[in-house]
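Asks: Below are the sequence and a predicted model for it; my questions follow.
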Amino acid sequence: MSNLMGERRKKVSEDGERSLIKAPSNASINSQGPSAASTGDMERAARKQFQQEVTPAFVYVLAVFSALGGFLFGYDTGVVSGAMLLLKKEMNLSALWQEVLVSSTVGAAALSALAGGSLNGIFGRRVCILLASFIFSVGGVVLSAAPNKEVLLVGRVIVGLGLGIASMTVPVYIAESSPPHLRGQLVTINTLFITGGQFIASIIENGAFSYLRYDGWRYMLGLSVVPALVQFFGFLFLPESPRWLIQKGLTQKARRVLSQIRGNQNIDEEYDSIRSSIEEEEKDFGGGGPVIWRMLTYPPTRRALIVGCGLQMFQQLSGINTVMYYSATILQMSGVRDDKLAIWLAAVTAFTNFLFTLVGVWLVERVGRRRLTMGSIIGTSLRYRSCEPCMLDPGCGFCYRENSTSVFASSCVLVNQASTGEAAWGRCSNTTQMTEGIYWAYNYCPTSYSWVVLLGLILYLVSFAPGMGPMPWTVNSEIYPLWARSTGNACSAGVNWTFNVLVSLTFLHVAQYLTYFGAFFLYSGLAALGFVFIYCCLPETKGLRLEEIESLFESRLCTCGVYDSDEGRQIEYIRVKGSNYHLSDNDASDVE
Ligand SMILES: O[C@H]1[C@H](O)[C@@H](O)[C@H](O)[C@@H](O)[C@H]1O
């Protein structure tokens, strides 16, 4: 089958009408005398003209309206912790009910992301986004009106169903509508909106609603109806993905949409190329069993699926949501004793995540997905090395003296086997004997080190947010051929949500057993594994057309870093006839 696809690509590049030539490098232009040089000049002029073409505003409008799905993702997963503080008092919720209310949304999202694959294939991206925003609105209304915890649970499950569908559809819709040179940036805007939603949620948690004696949680949870309705009504007027339309044979409509999105520029080459790719795909993969089976039995899509799901798995295993969901608790354990301060500091961490995702939006088309993701995961795995080594050992605790400014006379001492509240011997061995100014810290660093923990969390987010946060979503929206795109994204989003629920549900237990710092070392180790996976298996997709990306998975999965060389990236084709030139971002370096 892979030979077949190779043949197909050869055919496309030899096609007369869409005649393509290899663009010579600068060096070869200079060494080939005047005529070659003037061809080179013409090409340069053409490139310059191409690069001056303004990207129509419509594609940004489309990306922003779609990314409201990301905002709801961030808001709904973020606001629940603040709402829970109020709910547990008002509805007398047990710990089990609190856990169920928080994780039911994430669990429902995992299931509906998987189901979203078929819905996308059958009804299209636009209908799925409309459906998700409708579900979000219903969920918001149910939550804000809930008379008891059972109805709350129903509302949380409804919201989760919307989340799963939105999380797998929005990146695909944006990727399929964007021009190649902006695709990474526009898809990454979706993650920017996720982290923006988390940040706004953290502000709302602290804001006026949290001071209401009754029903503050209703406003917190119900507020999500506003962006959901904006998205719903916006999408009534926004078009379907042109690629999905072509796949369904609605070619006239697809042409109209593509030309609308491209601001009436000449779309002939882009349209032809998408259409011929899809027709070839139809011929090669038209029949023969469920899509997931066809993906698993065809090596390039199997490899893409491994890369896509692996990225999502490592994103979650590197512990992002232990920070996003528990940062207030972590800060309290590290010595911040005032509740309100801990919650405000948690908002600072959410803001850092947002701000540095913006850096990711800026970097993605400059340094590419691969380098950004690798740099990010390295930073992520290094972050935890700064805190007390003593805390790593569940058998030890920290005995210290403290005055108003500093910690002194500290030592790491074995914990009493019978009670972790005191040391096995010494100054901290008997709580009643502990005189004023002597403290015993088990499972956290003493107060004057809490800034180290806050700094640790911030440094972690500074390295996580530009790469590991957005890239798994961005890369997944690009690496599958059209016939496998919905299913590929459904699976990888399902993996993301599943590991999200696994890591966030087990975090407190893991921390109890290994201490907070031990748990962080565990995630750090997993992130290091993730680095090896990314280094070996993730190819660069920057600047390529969606239809070209599939060929990156034709060779062996783990090529151990050969992607870093520019080999293969030098093959640039420009069209000789007509006025549409396709350039990868490498071309930018040729243009003065
Ligand atoms: O990419 C996002 C983002 O990084 C969020 O902050 C996180 O909560 C999500 O789980 C993740 O998928």
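Replies: Thanks, I have it. Numbering: from 1, shown residues only.
Asks: Could you list the low-pLDDT ranges of the stretch 1-150 of the chain?
Replies: 1-54 (pLDDT under 70).
Asks: Tell me where it has strands.
Replies: Using DSSP state E, counting those that start in this stretch, the strands of the stretch 1-150 of the chain run over residues 20-22.
Asks: Looking at it, which residue is nearest the ligand?
Replies: Here the residue of the stretch 1-150 of the chain nearest the ligand is T77; by Cβ to the nearest ligand atom that distance is 6.2 Å. In short, each C-beta sits where N, CA and C put it, glycine included.
Asks: hang on, isn't that residue packed against G160?
Replies: No - with contact defined as Cβ atoms under 8 Å, T77 does not reach G160; the gap is 9.4 Å.
Asks: Name the residues contacting each of those two.
Replies: Both T77 and G160 are contacted by T105, V106, under the criterion Cβ atoms under 8 Å, 6 or more residues apart in numbering.
Asks: Who are the contact partners of the residue of the stretch 1-150 of the chain closest to the ligand?
Replies: T105, V106, L163, Q198, A201, M324, Y325.
Asks: Put together a markdown table for those residues, with distance to the ligand on each row.
Replies: A markdown table is the format used below for the contacts of T77 (distance: Cβ to the nearest ligand atom, whole Å):
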| residue | distance to the ligand |
| --- | --- |
| T105 | 12 |
| V106 | 9 |
| L163 | 11 |
| Q198 | 6 |
| A201 | 11 |
| M324 | 5 |
| Y325 | 8 |
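Asks: Which ones among those residues lie within helices?
Replies: Mapping the contacts of T77 onto helices (DSSP state H) picks out T105, V106, L163, Q198, A201, M324, Y325.
Asks: out of the residues you listed, who's nearest Y442?
Replies: Nearest to Y442 among these: Y325, at 22.9 Å, using Cβ to Cβ.
Asks: Excluding sequence neighbours, find me the nearest residue to P179.
Replies: Among residues not flanking P179 along the chain, T55 sits closest, at 6.5 Å (Cβ to Cβ, 6 or more residues apart in numbering).
Asks: Could you verify my assumption that R302 touches W293?
Replies: No - assessed by Cβ under 8 Å, R302 is found out of contact with W293, at 10.7 Å.
Asks: More neighbours: which of those two?
Replies: Applying other Cβ atoms under 10 Å to R302 and W293 shows that R302 carries more neighbours, namely 16 against 11.
Asks: Name the helix or strand for that one, please.
Replies: helix 299-317 (DSSP states H and E).
Asks: In terms of secondary structure, what does that helix contact?
Replies: Helix 299-317 is packed against helix 2-14, helix 291-297, helix 471-478, helix 482-537, with contacts defined by 3 or more Cβ pairs under 8 Å, 6 or more residues apart in numbering; DSSP states H and E.
Asks: Need the winner for burial among those helices.
Replies: Mean neighbours per residue, mean count of other Cβ atoms under 10 Å, is largest over these for helix 471-478, with a mean of 29.
Asks: Count the neighbours of the residue in the chain positioned nearest to the ligand for me.
Replies: With Cβ to the nearest ligand atom, the shortest gap between the chain and the ligand falls at G469, namely 3.3 Å. By the criterion of other Cβ under 10 Å, G469 has 28 neighbours.
Asks: and it, helix, strand or coil?
Replies: coil (DSSP: H, G, I helix; E, B strand; the rest coil).
Asks: ok, back up a step: quick check: angle from the helix holding R302 to helix 482-537?
Replies: Relative orientation of helix 299-317 versus helix 482-537 (axes from the mean of the first three to the mean of the last three Cα atoms, to 10 degrees): 60 degrees.
Asks: can you give me the offset of helix 299-317 from its chain's centre?
Replies: 13 Å (Cα atoms, centre = their mean, to the nearest Å).
Asks: Pull out the buried positions in that helix.
Replies: Residues 299-317 are the ones in helix 299-317 that count as buried (16 or more other Cβ atoms under 10 Å).
Asks: Over to stretch 117-133?
Replies: So, applying 16+ other Cβ under 10 Å, buried residues of stretch 117-133: 117, 119-121, 124-133.
Asks: CA atoms only: put that stretch into CSV for me.
Replies: C-alpha atoms of stretch 117-133 as CSV (Å, rounded to 0.1, in the frame of the first residue of the first chain):
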residue,chain,number,x,y,z
GLY,A,117,-14.6,10.8,15.1
SER,A,118,-17.7,9.3,13.5
LEU,A,119,-19.8,12.4,14.0
ASN,A,120,-17.1,14.5,12.2
GLY,A,121,-16.9,12.1,9.3
ILE,A,122,-20.6,11.9,8.8
PHE,A,123,-21.9,15.3,9.6
GLY,A,124,-18.9,17.5,9.1
ARG,A,125,-16.8,19.8,11.3
ARG,A,126,-19.3,22.7,11.3
VAL,A,127,-22.2,20.6,12.5
CYS,A,128,-20.0,19.1,15.2
ILE,A,129,-18.9,22.5,16.5
LEU,A,130,-22.6,23.7,16.5
LEU,A,131,-23.5,20.5,18.3
ALA,A,132,-20.7,21.0,20.9
SER,A,133,-21.7,24.7,21.6
